[in-house]
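K.L.:
Give the three-dimensional model of this entry:
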Amino acid sequence: MAVDSQSKEFKRVLAESAWLLRMNQPQAALEKLLPLYEQAPTNPDVALNLGSAYILMAKWRKAEEVLGKAAQLHTDNAMIWINLAAAHLGRLELSGPQQQERAIRAYRRALEIDPQAPNVHYHLGLIYKERGQLAEAIEWFRGALTVNPADQDAAYWIERLSKLLEAAQSTPDANDAPANEEQP
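P.N.:
Have a look, this model is predicted:
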């Protein structure tokens, strides 16, 4: 299918791929997007949708490849950086420190472009929570509430992590106790 990236057909197929992604049908979207990407590899919307399809399919490396190229070409597109962060991270509970650092850098770049970018503060909060950096996680969750005051998940995490942090600060560290005292 050779169509101009400005043609009605190209735009129709691109819109259809976006709809398929919203319907959680990434494989069907991928089939529509690969020919578009072949024709217009620098089109940010095609790259964004293709990267999203790969993310939904847990094909992190392919998503990183597509979105990394798009981020180099479209340095001021916050959505590309947000999706690139998700691709770098993969599944949070399985991610390692390097994956998390790459995701943090991409999320921060998205916030430089758009400080009100939806869900970015929240995702940063989750990363810092996973790393055990509770105070920093709380700050990011507070940022999420600033962007979206109705974010009940962010409010939940602020409350829960604040209690954990408070408990940790009020409990003496077992390593600080004298060696001859019995440990709790």
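K.L.:
Excluding residues flanking it in the chain, which one is nearest the residue nearest the centre of the chain?
P.N.:
For the chain, Ala86 is the residue whose C-alpha lies nearest the centre (CA atoms, centre = their mean; 3.4 Å). Nearest residue to Ala86, sequence neighbours excluded (CB to CB, 6 or more residues apart in numbering): Ile55, at 5.5 Å. (Each C-beta comes from the backbone N, C-alpha and C, glycine too.)
K.L.:
hmm, back to that, next one: the residue nearest to the centre of the chain from Ala103, what distance?
P.N.:
To Ala103, Ala86 is 7 Å away according to CB to CB, to the nearest Å.
K.L.:
cool, Glu159 as well?
P.N.:
Using CB to CB, one gets 25 Å for the distance from Glu159 to Ala103.
K.L.:
With neighbour numbers in mind, choose between those two.
P.N.:
Ala103 (22 against 12; other CB atoms under 10 Å).
K.L.:
Quick check: the more buried one touching His88?
P.N.:
Yes - assessed by CB atoms under 8 Å, Ala103 is found in contact with His88 at 4.3 Å.
K.L.:
shared neighbours, Ala86 and Ala103?
P.N.:
Residues within reach of Ala86 and of Ala103 at once, by CB atoms under 8 Å, 6 or more residues apart in numbering, are His123.
K.L.:
can you pull the contacts of the residue nearest to the centre of the chain?
P.N.:
Listed by CB under 8 Å, 6+ apart, the contact partners of Ala86 are Ile55, Ala63, Ala103, His123.
K.L.:
which residues of the chain fall in helices?
P.N.:
Secondary structure of the chain by DSSP state H: the helices cover 8-22, 26-39, 44-56, 60-73, 78-89, 97-113, 120-130, 134-147, 152-170.
K.L.:
got the angle for the fourth one vs helix 78-89?
P.N.:
To tie it back to what came earlier, the one meant is helix 60-73. Angle, helix 60-73 to helix 78-89, by axes from the mean of the first three to the mean of the last three CA atoms, to 10 degrees: 150 degrees.
K.L.:
what's helix 60-73 in contact with?
P.N.:
Contacts for helix 60-73 (CB under 8 Å, 6+ apart): 37, 41-42, 44, 47-48, 50-52, 54-55, 77, 80-81, 83-84, 86-88, 90, 106, 109.
K.L.:
Show me which positions of that helix end up buried.
P.N.:
Within helix 60-73, the residues that count as buried by 16 or more other CB atoms under 10 Å are Trp60, Lys62, Ala63, Glu64, Val66, Leu67, Gly68, Lys69, Ala70, Ala71.
K.L.:
Which single one of those is nearest to Lys129?
P.N.:
The nearest member of these to Lys129, counting by CB to CB, is Trp60 at 20.7 Å.
K.L.:
quick one: Ala58 and Val120, what's the gap?
P.N.:
From Ala58 across to Val120, the span is 21 Å (CB to CB).
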